[in-house]
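>>> Sequence first, predicted coordinates after that:
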Amino acid sequence: MVHPYSIGLSYGWSDDALNEEGHNLLNQLANLLGVEDSMREIFEMEHMETMPAISQGIGAGVSALRSYIQDLESWFPDEGEQHARHLGRSALDVGLTRSGWKEAYAWMEGIGLGRAFAEGAWMEKEVARDCDLPEFFNHPKKLLGL
């Protein structure tokens, strides 16, 4: 499962180094997504295992990481739940599988949107159907076969 925080790690460490600004941006991303310290440590250790032992980088991934976070900040706090509900309803409309539900729900729960996703899928609440989902949701869309 590709977690949004792991995507941020990939951006920040793109040249196998992380500078102070990159570290601060990763803190900001973790706070935005509600990633607990224990989960953050797991994601970071998994990422570190993929890196070379010696790095010549300077933290050049800061620009991409900053753009990623700015994009999330532009919609996530206000529209994240709405998008999660829409994704849940869309999955139900096309046919929701047990494995798709489990994996997508785990992903959504990992970013604090599990309840809204479940509401969209199971509650008879009206959900905006003309909502364009941000690219951020491509992974759960793939899990759901959308």
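Received the coordinates, thanks. Residues are numbered from 1 along each chain as shown.

>>> okay, CA-based contacts and neighbour counts for the rest of this
OK.

>>> any idea how far Q56 lies from W13?
Distance, Q56 to W13, using C-alpha to C-alpha, to the nearest Å: 12 Å.

>>> who has more neighbours, those two?
Between Q56 and W13, counted using other C-alpha atoms under 10 Å, W13 has the larger neighbour count: 23 against 9.

>>> Quick check: phi and psi on that one?
W13 adopts backbone torsions of phi -100, psi 20, taken as degrees, to the nearest 10.

>>> Give the buried residues for the biggest helix by length in the chain.
When the chain is parsed with DSSP state H, its longest helix is helix 62-94. Of the residues in helix 62-94, 62, 64-66, 68-69, 72, 76, 80-92 count as buried by neighbour count, 16 or more other C-alpha atoms under 10 Å.

>>> what's the answer for stretch 109-125, then?
Result for stretch 109-125 [16+ other C-alpha under 10 Å]: buried residues 110-114, 116-121.

>>> how far out from the middle of the chain is it?
Its chain's C-alpha centre lies 15 Å from the corresponding centre of stretch 109-125 when counted by C-alpha atoms, centre = their mean, to the nearest Å.

>>> in this structure, what spans have low per-residue confidence?
Scanning the chain with the threshold set as pLDDT under 70 gives 1, 55, 124-130.

>>> Domains in it, by residue range?
Per the record, the chain has its domains at 4-69, 79-144, by automatic domain parsing.

>>> which SSE is F117 in?
Per DSSP states H and E: F117 is located in helix 114-122.

>>> how many neighbours does G59 have?
By other C-alpha under 10 Å, the residues close to G59 number 20.
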